[in-house]
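J.: structure for the following, please:
(chains A and B)
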There are 2 protein chains.
Amino acid sequence: MNFSRTDCLARDAADSLAPLREAFDLPAGVIYLDGNSLGARPKAAAARAAQVIADEWGKDLITSWNTAGWFDLPKRLGDRLAPLVGAQPGEVVVTDTTSVNLFKALAGALAMQSADPRRTAIVTERSNFPTDIYMAEGLAGWLARGHTVRLVDSPAEIPAALGDDTAVLLLTHVNYRTGHMHDMAALTALAHEHGALTVWDLAHSAGAVPVDLHGAQADFAVGCTYKYLNGGPGAPAFIWVPGRHQAAFTQPLSGWWGHATPFAMAASFAPCAGIGRALCGTQPVVSLALVECGLDVFARTDMAALRAKSLALTDLFIALVERHCAGHSLELVTPREHARRGSHVSFTHPHGYAVMQALIARGVIGDYREPHIMRFGFTPLYTSFTEVWDAVDILKRILDDAAYDVNAARGAVT
Amino acid sequence: MNFSRTDCLARDAADSLAPLREAFDLPAGVIYLDGNSLGARPKAAAARAAQVIADEWGKDLITSWNTAGWFDLPKRLGDRLAPLVGAQPGEVVVTDTTSVNLFKALAGALAMQSADPRRTAIVTERSNFPTDIYMAEGLAGWLARGHTVRLVDSPAEIPAALGDDTAVLLLTHVNYRTGHMHDMAALTALAHEHGALTVWDLAHSAGAVPVDLHGAQADFAVGCTYKYLNGGPGAPAFIWVPGRHQAAFTQPLSGWWGHATPFAMAASFAPCAGIGRALCGTQPVVSLALVECGLDVFARTDMAALRAKSLALTDLFIALVERHCAGHSLELVTPREHARRGSHVSFTHPHGYAVMQALIARGVIGDYREPHIMRFGFTPLYTSFTEVWDAVDILKRILDDAAYDVNAARGAVT
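T.: Predicted coordinates:
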């Protein structure tokens, strides 16, 4: 690997994905390495919002539920997202939040396991994104049938945590802190051997790494559209229920959008056929519509090309940090092995929070996660090799000069 | 009451609320009587969306969660909405959907009743908006502790349906079909006499009629922002938990936005103090921000003035229909008594669907609800007396000429 800035400029010039950056608006002077938290803004988003607000809402008013296809948006966007995660048409809806969708998926999985009253354990990682654990706790506590959430402390402990009492193995595919990526197929197979079902959280996977839900024989999945998919701040999330489970899939958030005949106004719930039964209430149309602007960019490439560049970017970042910032107490927590790495890289530093604030002040936007973790996201749709070089150069200067305030007040951090 | 079009023009000229119409964009040639389904577009919405998308998202990116106040939006908007429903600051959040919020409120009420295992019944009306019934069914079914949903066929049957087994009385304050408005204080007192808690759905009340949740001693409430509050298509809903219940309030959708320390990334859920525990996951910021544009208009008036005009509009509509459309088999289903009437008026007609389609084709936009109900919403922020006169005149001509297609195909209707 070559490591000079000139080499990086040459790699950018040869990068077939480089033109996609033109689809995004990024502020001048900023190196944005936080697309794993909030994706950048597609240029098309402003015009799409104006269309929904001025024309569809302002002029066509209530009729837009039909004429502008507002009702169908969760399914139509789900079908467009499906190929990015190895799903089939009619298996994904974009709706609600990741937390709420996780509740539905977990509840659906527990319902499928209810024939065996021994199966009461939801197994997940202590290092999982907290809301996943919290939602599992909420569901288990409310069921009050002896359901428990069993936390394991490392991926290596997962096999021993599975047993005859396991209802569900709930995992986030790519860990939000470490960037560690699970082997979805192997862990799903292991869960199935123990009679457990799997629920996969793809928050840091969808649009970031190739995902093949069907190939892995996964049971349920949820994910986020506002990170690598660039759907906009807090954009609605998604849920995947494979065709083979849809007939058996039930969930307690049985709102009218999931009814077989929502406008018949029947006095009792009857779920519709297909993925629609994962819907609940009326969706926020403006935010939902913007999800399409991000998906439009993905339609111009494919996950294999994105993955190749993602690995090249993260390899380069790791190599440059280790070369230029040696001796500064940075420790890589992200796996070096490609098969175990997502699309972000995390280093610990004893003053990680302060160093990250110094980086942000100099235009390098990453983020910080307790404890001590500086997190850098690499989004091949708009991150260049030269930006990686420049970011590490700025990091090196901050560390060399100790140009960070170890007493920096901690605000709310995202 | 005077009934000529000239009289209506005079009333509009004297209407102190008439200038508020300038805050909305409504298409020329349309008489919009469907603000009870989707409120009209505040002119300010387009610029607010552009600000969120171009500046807050596009330029400030991830930092906007703090600097633009995205995280605080559910609470800040809740505080602005609170006075419209008789709530205090710190008691309302704008978040998620009405269906999901109803699930939280119902679950919270059931948890407060769990000390008495006899209290398993959720009492509601068969004529309630279906999703309320469906969500209650979903929750009761999942608890599987003998919980049931008891449907009453008329408001008169509510007293007899309450008893020692009643956990919750769940009512929609203003019925979506008939426009009938319950006596919130009296029914809450009755429920409390039986040891039951109340959950009120304010979908057709918030911004439509004066609501005094504290005055009525209500226990929980939810509502919608995209109808009379003009928050935009599918805009996030709201939930109210009064201060006196907040410490005891728990709900199973325990996502990270409801955690006491969301960024400490603790591995176990601990609810925050206050109304924040009604939050769950990350909210759709663009749609959420637009809610404020509607609330800004309400800040220029008060619910007493709006109610006076609303009743004047609905009185006029009823009188004109009965005067000009007599003999056409229209039957009023909305109460004549002011204290029992919301802000929309419904008439049945044997060919209600076809007549409504004919009205819409002529620019009078109301809507249709099974069975046979033509529904007309009156929103005093932007509906004029002259529009009421013109709408009835068009209805009269359609009925006089039988200018409607009784075989009109039924599309999906909103």
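J.: top helix in chain A by residue count?
T.: helix A:303-324 (DSSP state H).
J.: what residues of that one count as buried?
T.: A:303, A:306-307, A:309-318, A:320-321, A:324 (16 or more other Cβ atoms under 10 Å in any protein chain shown). The C-beta positions use only the backbone N, C-alpha and C, and glycine is treated the same way.
J.: dump that helix to PDB, keeping only the CA atoms.
T.: Provided in PDB are the C-alpha atoms of helix A:303-324 (Å, rounded to 0.1, in the frame of the first residue of the first chain):
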ATOM      1  CA  MET A 303     -22.900  -3.200  -2.700                       C
ATOM      2  CA  ALA A 304     -19.900  -5.100  -4.100                       C
ATOM      3  CA  ALA A 305     -18.300  -2.000  -5.500                       C
ATOM      4  CA  LEU A 306     -19.100  -0.100  -2.300                       C
ATOM      5  CA  ARG A 307     -17.700  -2.800  -0.100                       C
ATOM      6  CA  ALA A 308     -14.400  -2.800  -2.100                       C
ATOM      7  CA  LYS A 309     -13.900   0.900  -1.600                       C
ATOM      8  CA  SER A 310     -15.100   0.800   2.000                       C
ATOM      9  CA  LEU A 311     -12.400  -1.800   2.900                       C
ATOM     10  CA  ALA A 312      -9.800   0.200   1.000                       C
ATOM     11  CA  LEU A 313     -10.800   3.300   3.000                       C
ATOM     12  CA  THR A 314     -10.700   1.600   6.300                       C
ATOM     13  CA  ASP A 315      -7.500  -0.300   5.500                       C
ATOM     14  CA  LEU A 316      -5.900   3.100   4.600                       C
ATOM     15  CA  PHE A 317      -7.100   4.800   7.700                       C
ATOM     16  CA  ILE A 318      -5.800   2.100  10.000                       C
ATOM     17  CA  ALA A 319      -2.500   2.000   8.300                       C
ATOM     18  CA  LEU A 320      -2.000   5.800   8.300                       C
ATOM     19  CA  VAL A 321      -3.000   6.200  11.900                       C
ATOM     20  CA  GLU A 322      -0.600   3.400  13.000                       C
ATOM     21  CA  ARG A 323       2.100   4.900  10.900                       C
ATOM     22  CA  HIS A 324       1.700   8.600  11.700                       C
END
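J.: and the next helix or strand past it?
T.: strand A:331-332 (DSSP states H and E).
J.: quick one: strands adjacent to that following strand?
T.: With DSSP bridges as the test, strand A:331-332 is paired with strand A:344-348 (antiparallel).
J.: got any ranges where the stretch 101-250 of chain A has weak pLDDT?
T.: Residues of the stretch 101-250 of chain A meeting the criterion pLDDT under 70: none.
J.: interface residues of it facing chain B?
T.: A:103, A:107, A:126, A:129-131, A:133-135, A:137-139, A:141-145, A:151, A:226, A:232-237 (Cβ under 8 Å from any Cβ of the partner chain).
J.: now list the buried members of those.
T.: Buried positions within these, assessed by neighbour count (16+ other Cβ under 10 Å), are A:103, A:107, A:129-131, A:133-135, A:137-139, A:141-143, A:151, A:226, A:232-237.
J.: among the residues you listed, which ones are in helices?
T.: A:103, A:107, A:130-131, A:133-135, A:137-139, A:141-143.
J.: need the max-distance pair from the residues you listed.
T.: Within those, A:P130 and A:L143 form the most distant pair, 20.3 Å apart (Cβ to Cβ).
J.: just give me the residue closest to the centre of chain A.
T.: A:A203 (1.7 Å; Cα atoms, centre = their mean).
J.: surely that one is in contact with A:T225?
T.: No. The criterion here is Cβ atoms under 8 Å, and A:A203 misses it with A:T225 at 9.7 Å.
J.: from the contact counts, what lies against the longest strand seen in chain A?
T.: Across chain A, the longest stretch assigned as strand under DSSP state E is strand A:166-172. Using 3 or more Cβ pairs under 8 Å, 6 or more residues apart in numbering or on different chains; DSSP states H and E, the elements in contact with strand A:166-172 are helix A:98-113, strand A:121-125, helix A:130-143, helix A:184-193, strand A:197-201.
J.: could you dump those to JSON lines with distance to B:R375?
T.: As requested, those are exported to JSON lines (distance: least, Cβ to Cβ, whole Å):
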{"stretch": "helix A:98-113", "distance to B:R375": "30"}
{"stretch": "strand A:121-125", "distance to B:R375": "45"}
{"stretch": "helix A:130-143", "distance to B:R375": "37"}
{"stretch": "helix A:184-193", "distance to B:R375": "49"}
{"stretch": "strand A:197-201", "distance to B:R375": "41"}
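J.: brilliant, that's me finished.
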